[in-house]
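> Model the following, please.
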Amino acid sequence: MELSSFFEEYPEVAIAFSGGVDSAYLLCEAAKYAQRVCAYYVKTVFQPQFEYDDAVKMAASLGVTMKTIEADILSNETVANNPDNRCYYCKQTIFSGIIKNALNDGFTCVLDGTNASDEEGDRPGMKALAEMKVLSPLRICGLSKADIRRLSKEEGLFTWDKPSYACLATRIMTGQRIDERLLRRCDDSEEFLRRLGFSDFRVRTRGEDAVIQIRSEQISLLVTNRSSILKKLGGMYRSVLFDLKARDEQ
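Modelled structure (predicted):
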């Protein structure tokens with residue numbers, strides 16, 4: 001199925017919008033082919049500010065209304081306790097809010113940006129989406145991540161080469177309770193590295209220790225900035241460690 005055909009079948013859609021590569025391309029195509037579309041961004045302590053800023057910028061560039069839903073995700077004790085299927089309960093909470101707001105706006109069809117490259121077995125959140133009858137057009141139409149990046153570039157979307165970004169909760173090891181202090185510390189650390197020029201990296205929390213994961217081509221950048229990184233992150237963590245297995249090798 002082509003996306004244009006999908007939107008013929010579902011002409012009025014609410015889109016769960018993160019500002020990332022996949023949901024941005026989906027919103028772009030909905031803006032072209034759907035009769036009525038609205039983007040819904042759920043703002044929680046799991047997202048850094050730059051993700052929200054990108055979402056606002058993208059929706060505005062496409063001329064699509066974006067509504068922001070504030071959610072206290074850590075009020076869900078199961079999510080805060082961070083089990084290995086945390087994403088399932090997180091998606092339930094987030095999409096319950098989207099569905100409620102979408103229904104109030106007259107939308108009965110809710111979409112998300114899951115693509116054909118996403119492995120269902122590795123993503124407990126996809127089970128929640130299926131249970132809540134959220135549709136994933138990119139997956140339905142067989143579009144892989146590589147396809148979406150290529151098509152996004154053709155459409156002139158600034159997100160076409162944006163690194164994949166998982167929420168801040170993924171930085172904290174399974175079983176370690178999540179709180180705002182840990183999330184803020186992670187966000188501050190990653191924002192600092194981002195300003196130094198790093199991209200597609202993670203600062204993971206292991207107890208009170210930081211583990212930096214970067215791509216192999218940026219190891220020299222880490223070495224060059226070693227002292228400033230230790231000074232900044234060393235003031236927030238008990239120790240600062242470097243994962244010798246680069247992200248592109250994992």
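
> In the protein, mark out all the helices, start to finish.
3-9, 21-33, 49-62, 77-81, 86-104, 124-131, 137-140, 145-155, 180-195, 219-224, 226-234 (DSSP state H).

> domain ranges for the chain?
3-155, 179-249 (automatic domain parsing).

> now those domains in a markdown table, with distance to residue 173, mean neighbour count and mean pLDDT?
Bear in mind the C-beta positions are built from the backbone N, C-alpha and C, glycine included. Listed next are these as a markdown table, based on distance: least, CB to CB, whole Å; neighbours: other CB atoms under 10 Å; pLDDT from 0 to 100:
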| stretch | distance to residue 173 | mean neighbour count | mean pLDDT |
| --- | --- | --- | --- |
| domain 3-155 | 8 | 18 | 94 |
| domain 179-249 | 6 | 15 | 93 |
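
> In a markdown table: the ones you listed, plus distance to residue 171.
Output for the domains of the chain, formatted as a markdown table (distance: least, CB to CB, whole Å):
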| stretch | distance to residue 171 |
| --- | --- |
| domain 3-155 | 10 |
| domain 179-249 | 5 |
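
> Out of the ones you listed, which gets nearest to residue 163?
domain 179-249 (3.8 Å; CB to CB).

> how far is the closest one from where the chain is centred?
19 Å (CA atoms, centre = their mean, to the nearest Å).

> Show me which strand runs longest in the protein.
Ranked by residue count, the top strand of the chain under DSSP state E comes out as strand 36-43.

> which other helices and strands contact that strand?
Counting contacts by 3 or more CB pairs under 8 Å, 6 or more residues apart in numbering; DSSP states H and E, strand 36-43 is packed against strand 12-16, helix 21-33, helix 49-62, strand 66-70, helix 86-104.

> With respect to residue 223, which of the ones you listed lies nearest?
helix 49-62 (25.5 Å).

> Would you mind extracting the C-alpha trace of the closest one into CSV?
Output in CSV follows, covering the C-alpha atoms of helix 49-62 (Å, rounded to 0.1, in the frame of the first residue of the first chain):
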residue,chain,number,x,y,z
GLN,A,49,13.9,20.4,25.2
PHE,A,50,15.5,20.1,21.8
GLU,A,51,13.1,17.4,20.8
TYR,A,52,10.2,19.6,21.6
ASP,A,53,11.8,22.5,19.7
ASP,A,54,12.3,20.3,16.7
ALA,A,55,8.6,19.2,16.8
VAL,A,56,7.4,22.8,17.0
LYS,A,57,9.6,23.8,14.1
MET,A,58,8.6,20.9,11.9
ALA,A,59,4.8,21.2,12.5
ALA,A,60,5.1,24.9,11.7
SER,A,61,7.0,24.3,8.5
LEU,A,62,4.4,21.8,7.3
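
> now the angle from it to helix 21-33?
20 degrees (axes from the mean of the first three to the mean of the last three CA atoms, to 10 degrees).

> Now tabulate the helices of the chain in CSV and tack on distance to residue 244.
Conversion of the helices of the chain to CSV gives the following (distance: least, CB to CB, whole Å):
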stretch, distance to residue 244
helix 3-9, 42
helix 21-33, 28
helix 49-62, 28
helix 77-81, 31
helix 86-104, 27
helix 124-131, 29
helix 137-140, 35
helix 145-155, 26
helix 180-195, 17
helix 219-224, 9
helix 226-234, 14
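
> how close does the closest residue to residue 236 other than its chain neighbours get to residue 233?
Nearest non-adjacent residue to residue 236, counting by CB to CB, 6 or more residues apart in numbering: residue 185, 5.1 Å away. Separation of residue 185 from residue 233 (CB to CB, to the nearest Å): 9 Å.
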